[in-house]
Every structure is written in structure tokens, then in C-alpha cells.
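Colleague: please work out how this folds:
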Amino acid sequence: MATCEIDGCNNPTRSASMALCSMHYQRKWKTGTTDPRPSFDCCTVSDCTKPTMSKHKPYCMMHYYRIRRNGQLDLPTKDIPELTDHSGGYRLKYHPNHPLSRNHSRVYEHRFVYHAEHGDGPFKCYHCADVVTWDDMHVDHLNDQPDDNRIENLAASCPECNMKRGAWKVKTTHRQKSVRQITWQGVTRCASEWAELLGLRAASFQWRLKHWPLERVMTEPRGSTGPHRRDILAT
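Modeller: Just a heads-up that it's a prediction; the model follows:
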């Protein structure tokens with residue numbers, strides 16, 4: 001059997017009627033040429049030193065997937081809003097190089113405003129005067145409005161003081177989400193709120209609801225017998 005017609009190749013031809021061996025025949029069928037595939041050790045994109053995905057691919061994994069997803073080596077440009085709304089009424093400011101962004105592209109607007117005015121710190125807690133830094137401090141909204149980021153409405157706070165100030169918010173949220181809402185004289189509140197207003201224990205108020213009509217529950221004063229509420233005695 002004759003040998004392959006490619007210079008330097010001594011493999012036998014694929015068949016008597018063919019001039020190429022199986023390797024060069026398959027190479028020409030797939031790529032249109034009998035020349036060997038080029039090999040690459042480093043990504044061919046300018047200024048990129050990452051290794052290629054394989055020795056026959058000219059791109060690293062990052063640039064390969066950019067072409068696959070976007071059809072181009074450069075990232076597509078898009079308009080990024082300077083401010084975006086976040087949960088709880090807070091807002092995020094786009095600022096990739098800000099020291100408070102923590103390797104992200106955004107930082108809370110109220111923290112951005114406070115840092116721009118007062119710098120890197122350290123600071124004293126507005127409520128207890130403990131020393132705080134950006135690693136552990138909160139920026140407190142004095143009027144409890146998370147979208148009011150005027151510098152005069154912002155204060156440094158230690159986590160303990162900030163959470164104590166926010167306890168009523170958590171309590172209010174839970175009460176608003178309560179499935180047991182009671183309407184009396186046009187006012188709707190949850191059971192624990194009515195119990196607090198009437199000077200009753202929550203368990204006593206629930207007992208009243210179960211055994212008494214609503215009008216009696218809401219109008220009959222607290223009895224003189226039974227255990228006394230500590231918070232009532234304290235007042």
C-alpha cells in the first residue's frame with residue numbers, strides 16, 4: 001500500500017484510491033487543510049497572561065466565554081444607575097472604588113454620605129460615647145427615615161445602641177403581620193397591642209376573647225385578683 005503524500009508522513013494511505021493517510025484525511029475533512037492545528041500556551045488577547053483553555057484554543061476561559069455569551073472580547077457597555085433602591089427603604093450608591101464598598105461595586109448611600117463628611121474615623125457612638133470604627137459601626141438615621149440621608153440626620157452608633165433603638169421597629173413589624181387583628185370602635189390592632197392598652201396580660205386578654213363577647217372584653221376593667229403585671233407595678 002502506498003504511503004501518505006504529505007512530506008514527512010510515512011503512514012499508509014487510507015485506501016488504494018486515496019493519497020492521504022487517515023490522520024491527514026480527517027484533518028483536511030474537519031479543517032480544510034492538512035496543516036497541523038496551531039497550539040497556544042497563553043491567551044492571545046493583548047495584555048492577558050492567563051493560560052488558554054486547551055493547547056489548541058487561543059483564549060483563556062474568561063475571554064472564551066465573553067465571545068460565547070456576548071460575541072465580542074470586550075464586556076458590553078450598559079447604563080448603571082447611580083442610586084438603586086434596597087430593602088427596608090435604604091438606597092445603594094454605585095461607587096466601585098469606594099473604601100466602604102468591600103470589593104463590591106456599591107455602598108449604602110447613608111454610609112457614603114457620612115464617610116464623605118467625617119472621613120475614616122474612629123468615631124464616638126452618638127448614644128453611649130463608645131469608640132467605633134467603620135469595621136463595626138452603624139450609621140443611624142436619627143429620625144428613623146432610611147431614605148433621609150442628610151448629614152445632619154446621620155450619626156455614628158455602636159451595634160448595641162442601634163439595635164436597641166430599632167427594637168420598636170421589629171415589634172411594630174411583627175404586630176402588623178399578626179393574623180389576629182381586632183377592630184374596636186373603628187381602630188384595628190393586634191391582640192398584644194390591645195392587651196397592652198388595657199393593662200392586661202396577653203394570656204388574660206386571649207382568655208377574654210375566647211369566653212367573652214368583644215364589647216365586654218374591651219370595656220370591663222382589669223380585676224383586682226390574680227397576679228399583677230410587673231410593668232404596671234413599676235409605674
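
Colleague: tell me where this protein has helices.
Modeller: Using DSSP state H, the helices of the chain run over residues 22-31, 61-70, 109-118, 159-165, 167-177, 191-198, 202-211, 214-219, 230-234.

Colleague: geometric centre of this structure: which residue is closest?
Modeller: Geometric centre of the chain, nearest residue: H86, 9.2 Å, by C-alpha atoms, centre = their mean.

Colleague: hang on, the earlier thing: arrange the helices of the chain in CSV, one row each, with distance to D47, mean neighbour count and mean pLDDT as further columns.
Modeller: In short, each C-beta sits where N, CA and C put it, glycine included. Shown next, in CSV, are the helices of the chain (distance: least, C-beta to C-beta, whole Å; neighbours: other C-beta atoms under 10 Å; pLDDT from 0 to 100):
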stretch, distance to D47, mean neighbour count, mean pLDDT
helix 22-31, 29, 14, 86
helix 61-70, 11, 14, 85
helix 109-118, 32, 18, 94
helix 159-165, 44, 15, 85
helix 167-177, 50, 11, 66
helix 191-198, 64, 18, 84
helix 202-211, 67, 14, 88
helix 214-219, 76, 13, 89
helix 230-234, 69, 8, 51
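
Colleague: R150: which of those is closest?
Modeller: Closest to R150 of these, according to C-beta to C-beta: helix 109-118, at 7.9 Å.

Colleague: just the CA coordinates for the closest one, please, in CSV.
Modeller: Extracted in CSV, the C-alpha atoms of helix 109-118 (Å, rounded to 0.1, in the frame of the first residue of the first chain):
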residue,chain,number,x,y,z
GLU,A,109,-25.8,55.9,50.5
HIS,A,110,-26.1,56.9,54.2
ARG,A,111,-22.6,55.4,54.9
PHE,A,112,-21.2,57.1,51.8
VAL,A,113,-22.6,60.5,52.9
TYR,A,114,-21.3,60.1,56.5
HIS,A,115,-17.8,59.0,55.2
ALA,A,116,-17.6,61.9,52.8
GLU,A,117,-18.3,64.3,55.7
HIS,A,118,-16.3,62.7,58.6
